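Asker: My questions concern the predicted model and sequence given below.
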Amino acid sequence: MTVVLVADDDADIRDLVAFKLEQAGFDVIAVEDGQTALEQARSRQPTLAVLDVSMPGLSGIDVCRMLRSDPATAGILIIMLTARVQEQDVEGGFSAGADDYVTKPFSPRELVSRIQALLSRARA
Amino acid sequence: MRPPVFGGRACAAAFLAGLAGGGALGAVAVAHLVSRLQSEGDHSRRNEEQLLARLAALDAAKNDFMATVSHELRTPLTSISGYVELLRDSEPEELTDAQRRMLEVIARNARRLRELIEDILTLSRIESGGFSSEPGDVDLAQVIEKAVVAIAPTAEKASVGLHCDVRGPLPLRGDGMQLDRVLANLLANAVKFTAPDGTVTIRAERTGEHTLLVVADDGMGIPAAEQTALFDRFFRATNAIRQAIPGTGLGLAICQKIVDNHGGSIELASTEGVGTTVTVKLPL
């Protein structure tokens, strides 16, 4: 089963994403901050990580950059979740190495299709 | 910061609009600064520079505040619309028809809130910064084509015909993204307020020193008494409200601000039951 790491400090959104992804057949690791996300990514080696940009402590962008800079985790696919829509925020995410970007409010259904698209692109 | 007291249902929205710039709060802050400087009886250049710096700082603070507010509103909205989607995606036998209708209402209103947040943020950005980027070379014909392609599925679903008469290229100096927004808003309005089998006509051409854009529909029109208020924020025509046609009441205010930023003009002519024509003139 494909392992997906979900990191969001908002419990409702974390549960929402985890529920939808489990329903879609993924093995989900849900965490509430950047530091735990980083540790889980290193120890569990998920195929893909869904990272909220604004988390206290390590932000999603920090986590993304750190995962990319470590050869052991550099291959993890990364989707950023953000409530900010300014162009510079999106650019910031991509320059940190994110594969895709989803803005809040998002449709859980759409998030799943983006994840599936990313996975099939990566397999191709 | 304390919200000003308003009557009526637009209270919170009007408060946000005030924050969005050019509104009551901004004006009060400016008046306060000006009167304070004047009361000191000092009109030196140094003070003028300080005033400008304070205004710029105020503007930056307002933008920052708007970005934060919009972020804070989007997060709970994600949960509301996300969980409603999960419920609506559940098996047919899990919910009664009445429950499904209730969820439909929640979803529709969550969507409306989302549109309001986006429009208020857009208005705030446009009003404070003028151009979001340096104005560049834009071909209005391409802007129109893009907008027509984007609205086509909605028009088809509503059985509204789109007729295009664009003599391009139509080069001008401007902000492409903002002009995209003008076209998107005008076309969305025209399609939204036109009955099935009606037609929306988009015409654009160069006339002397201007580029002329006309978006005309043969839809429901706007009551004559309400036409002057149409560019006011949050104003919605009574016939649109009566027929429960969704909208934020900010679309035309956004269009007007963008056209103003480009040094152009926007006018609207409408007859109830006959149709509406919006004419935009942009300098080259």
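Answerer: That came in fine, so what should we check first?
Asker: Name the nearest residue to residue B:283, sequence neighbours excluded.
Answerer: Distance criterion Cβ to Cβ, 6 or more residues apart in numbering or on different chains; nearest residue to residue B:283, sequence neighbours excluded, is residue B:263 at 5.1 Å. Using the backbone N, CA and C atoms, a C-beta is placed for each residue, glycine as well.
Asker: ok, residue B:192 to residue B:244 distance?
Answerer: For residue B:192, the distance to residue B:244 (Cβ to Cβ, to the nearest Å) stands at 12 Å.
Asker: who has more neighbours, the two?
Answerer: With neighbours defined as other Cβ atoms under 10 Å in any protein chain shown, residue B:192 and residue B:244 compare such that residue B:192 has more, 20 against 7.
Asker: what residues does chain A put near chain B?
Answerer: Counting by Cβ under 8 Å from any Cβ of the partner chain, the residues of chain A close to chain B are A:10, A:12-13, A:16, A:19-20, A:54, A:83-86, A:103-109.
Asker: Please check those and keep the buried ones.
Answerer: Buried subset of these (neighbour count, 16 or more other Cβ atoms under 10 Å in any protein chain shown): A:10, A:13, A:16, A:19-20, A:54, A:83-85, A:103-106, A:108.
Asker: Among the residues you listed, name the ones in strands.
Answerer: residue A:103 (DSSP state E).
Asker: got the contact list for the residue nearest the centre of chain B?
Answerer: Against the mean C-alpha coordinate of chain B, by Cα atoms, centre = their mean, the closest residue is residue B:251 at 2.8 Å. Contacts of residue B:251 were listed using Cβ atoms under 8 Å, 6 or more residues apart in numbering or on different chains, and they are B:119, B:185, B:188, B:189.
Asker: and with 7 Å instead?
Answerer: Applying Cβ atoms under 7 Å, 6 or more residues apart in numbering or on different chains, we find residue B:251 in contact with B:185, B:189.
Asker: The chain: strands as residue ranges?
Answerer: Let's take chain A. A:3-7, A:27-31, A:48-52, A:77-82, A:100-103.
Asker: switch to chain B, that's the one I care about
Answerer: Taking DSSP E as the test, the strands found in chain B are B:136-139, B:161-166, B:171-174, B:199-207, B:210-217, B:265-271, B:275-283.
Asker: ok, the last one: who's next to it in the sheet?
Answerer: Going back to what we said before, that points to strand B:275-283. The pairing partners recorded for strand B:275-283 under DSSP bridges are strand B:210-217 (antiparallel), strand B:265-271 (antiparallel).
Asker: tell me which parts of chain B are close to chain A?
Answerer: Residues of chain B lying near chain A by Cβ under 7 Å from any Cβ of the partner chain: B:67, B:71, B:74-75, B:77-79, B:81-83, B:85-86, B:114.
Asker: Write the PyMOL selection for whichever of those residues are buried.
Answerer: Buried residues within the residues of chain B next to chain A, by 16+ other Cβ under 10 Å, are selected in PyMOL with:
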select buried, chain B and resi 67+71+74+75+77+78+79+81+82+83+85+114
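Asker: follow-up on the earlier one: with pLDDT and distance to residue B:169 as new columns, can the buried ones among the residues of chain A next to chain B be given to me in TSV?
Answerer: Putting these into TSV (pLDDT from 0 to 100; distance: Cβ to Cβ, whole Å) gives the following:
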residue	pLDDT	distance to residue B:169
A:10	94	47
A:13	96	45
A:16	96	47
A:19	96	50
A:20	96	46
A:54	87	42
A:83	82	38
A:84	71	35
A:85	63	30
A:103	88	33
A:104	90	38
A:105	91	38
A:106	93	37
A:108	96	42
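Asker: which among the buried ones among the residues of chain A next to chain B gets closest to residue B:270?
Answerer: residue A:85 (32.6 Å; Cβ to Cβ).
Asker: one step back: gap between the residue nearest to the centre of chain B and chain A?
Answerer: 18 Å (Cβ to the nearest Cβ, to the nearest Å).
Asker: How about residue B:165?
Answerer: 33 Å.
Asker: how many neighbours does the closest residue to that residue other than its chain neighbours have?
Answerer: Excluding its sequence neighbours, the residue lying closest to residue B:165 (Cβ to Cβ, 6+ apart) is residue B:203, at 4.5 Å. As a burial measure, residue B:203 scores 17 neighbours (other Cβ under 10 Å).
Asker: remind me which residues of the stretch 51-200 of chain B are low pLDDT?
Answerer: For the stretch 51-200 of chain B, the stretches flagged by pLDDT under 70 are B:128-134.
Asker: Name all residues that make contact with the closest residue to residue B:256 other than its chain neighbours.
Answerer: Closest residue to residue B:256 apart from its sequence neighbours, by Cβ to Cβ, 6+ apart: residue B:231 at 4.8 Å. Counting by Cβ under 7 Å, 6+ apart, residue B:231 touches B:252, B:253, B:256.
Asker: among these, who's most crowded?
Answerer: Counting by other Cβ under 10 Å, top hit in the contacts of residue B:231: residue B:253 with 24 neighbours.
Asker: Could you check how far the closest residue to residue B:193 other than its chain neighbours is from residue B:200?
Answerer: Using Cβ to Cβ, 6+ apart and skipping residues adjacent in sequence, the residue nearest residue B:193 is residue B:219, 4.1 Å away. Distance from residue B:219 to residue B:200, counting by Cβ to Cβ: 8 Å.
Asker: Repeat that for residue A:58.
Answerer: Residue A:58 is 50 Å from residue B:200, by Cβ to Cβ.
Asker: just to revisit the earlier point, just the pLDDT for the residue nearest to residue B:193.
Answerer: In this model, residue B:219 is scored at 92, pLDDT.
Asker: Longest helix in chain A, by number of residues?
Answerer: helix A:108-123 (DSSP state H).
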